[in-house]
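Peer 1: Give the three-dimensional model of this entry:
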Amino acid sequence: MQNHSISTKAYFRYGRLLLVLCGLAWVSAVSAYEISVQADTNAAGSGDIISNVAYSIKDDECLIRWNAIQYKTDNKRELKAARQCDKSFAQQAEYHEDILKRINQDIPIASFSSLIWGGFTYNNDYSWVIPIALASDRSVVYQDYRDHFPYAKVNDVNKIFVEIANESHAYQPLADLLYAYDMTLTLDSVEKVSVSKAGKLPFYDDIKDKRIGKNANVIYDAGVCNFRMAPQKSQ
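Peer 2: Numbers count the residues shown, from 1 in each chain. As a prediction, this is how the structure comes out:
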C-alpha cells in the first residue's frame, strides 16, 4: 500500500503557496483601477493658485477626478470633484472613498475648508434630487417665493435651494465620505437652480404618490454646488 501522507514541511509549503495565490486574487479584486496623481496645469485662475494636484481614477465605466487646490490667499485649501460615470453615486462611492484616502496621504483632509461639486443629478441617478423636489413642494418659503415674487420674503431661489438641501440632508452620501475624516459638510451656495413642473420631471413616477400635482412647480437641482467643510464639534 502506498503512503499518501504529506510531510509537515511540505504541508506548510503548500499552505504558504495557497496563501500567496489567495492574496494575489484579493489584490486583483480590489485593485482593478489605479489612482493617477499629477499636477493640473490646465486649471483656470492659476494666478492665485500655489498648487493644484489632480487625483483621478479611470476604468471602463468611470472617470472620477478630485483636485486638491491650495490658494495664495490665506493659504486656503479647496477640493474640487468631477465625474463622468454611468454608475449611480452609491455605485461610485468606493472610487471617491479611495481617492480621498489617497489625498489624505499627501494632505490631511481636515486642512480643506471647501468643496466644489457639480449638480446633484447625474445621468439617471435622482436619489439626491427627489428629497429636494419633495421638500420644495412643502416649503412655506418656496411657496411664498412662487406666489409673491418679487415681493416674497426671500427672493433668491438659490438661497431657498441651499436651505432645503441642508434641511433635507439630500447630499448625505457625500457628507458621509467626509465624516470619516471627522469633517462636516454643509451646502453654502449654488448656481443655476433648476425649476420644473413636477409632471415633466424624469422621476415624477417616483414621487407622484406623494400628493404632488403634475402642475406644481418644484426646485430640484443646481448646476454648481459649493460646500463648506469644517471639523466636527467635539461632543
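
Peer 1: Are we agreed that L134 is in a helix?
Peer 2: Yes: under DSSP: H, G, I helix; E, B strand; the rest coil, L134 falls within a helix.

Peer 1: For K159, see how far away K200 is.
Peer 2: Distance, K200 to K159, using C-beta to C-beta, to the nearest Å: 24 Å. The way it works is simple: take the backbone N, C-alpha and C, and place the C-beta from them, glycine included.

Peer 1: and if you look at M183?
Peer 2: Distance from M183 to K159, by C-beta to C-beta: 24 Å.

Peer 1: Endpoint to endpoint, stretch 139-155 covers what distance?
Peer 2: 14 Å (C-alpha to C-alpha, to the nearest Å).

Peer 1: Need the contact partners of that stretch.
Peer 2: For stretch 139-155, contacts defined as C-beta atoms under 8 Å, 6 or more residues apart in numbering pick out 136, 157, 160, 163-164, 217, 219.

Peer 1: Quick check: L177 touching Y95?
Peer 2: No: if you go by C-beta atoms under 8 Å, L177 and Y95 don't touch, sitting 10.6 Å apart.

Peer 1: Those two: who's more crowded?
Peer 2: Y95 (24 against 16; other C-beta atoms under 10 Å).

Peer 1: ok so, going back, more neighbours, K200 and K159?
Peer 2: Neighbours per residue (other C-beta under 10 Å) separate K200 from K159, with K159 holding more: 15 against 9.

Peer 1: and the helix or strand where the more buried one lies, what does it pack onto?
Peer 2: Using DSSP states H and E, K159 sits in helix 157-168. Helix 157-168 sits against helix 129-138, helix 140-148, strand 183-197, strand 217-231, with contacts defined as 3 or more C-beta pairs under 8 Å, 6 or more residues apart in numbering; DSSP states H and E.

Peer 1: ok, back up a step: quick one: which two of the contacts of stretch 139-155 are the most distant?
Peer 2: The two members of the contacts of stretch 139-155 with the most space between them (C-beta to C-beta) are E163 and N217, at 17.0 Å.

Peer 1: quick one, which of these two is more surrounded?
Peer 2: Shown here are E163 and N217; by other C-beta under 10 Å, E163 has more neighbours (17 against 14).

Peer 1: which one is the more buried one nearest to, not counting chain neighbours?
Peer 2: In space, E163 comes closest to V141 once its chain neighbours are excluded; the distance is 6.9 Å by C-beta to C-beta, 6 or more residues apart in numbering.

Peer 1: what's the burial count for that neighbour?
Peer 2: For V141, using other C-beta under 10 Å, the count is 15.

Peer 1: go on, T41?
Peer 2: T41: 8 neighbours (other C-beta under 10 Å).

Peer 1: How confident is the prediction for the nearest residue to it once chain neighbours are set aside, by pLDDT?
Peer 2: Ranked by C-beta to C-beta, 6+ apart and with sequence neighbours excluded, the top spatial neighbour of T41 is N52, at 7.9 Å. N52 is assigned 95 on the pLDDT scale.

Peer 1: Determine how far the strand or helix carrying N52 lies from the middle of the whole chain.
Peer 2: N52 is part of strand 49-58, with elements assigned from DSSP H and E. Centre-to-centre, strand 49-58 and its host chain are 16 Å apart (C-alpha atoms, centre = their mean, to the nearest Å).

Peer 1: If you count neighbours, what's buried in it?
Peer 2: Neighbour counts using 16 or more other C-beta atoms under 10 Å place 49, 52-57 of strand 49-58 among the buried residues.

Peer 1: Could you dump those into JSON lines and include distance to H169?
Peer 2: Shown next, in JSON lines, are the buried residues of strand 49-58 (distance: C-beta to C-beta, whole Å):
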{"residue": "I49", "distance to H169": "32"}
{"residue": "N52", "distance to H169": "31"}
{"residue": "V53", "distance to H169": "30"}
{"residue": "A54", "distance to H169": "29"}
{"residue": "Y55", "distance to H169": "27"}
{"residue": "S56", "distance to H169": "28"}
{"residue": "I57", "distance to H169": "26"}
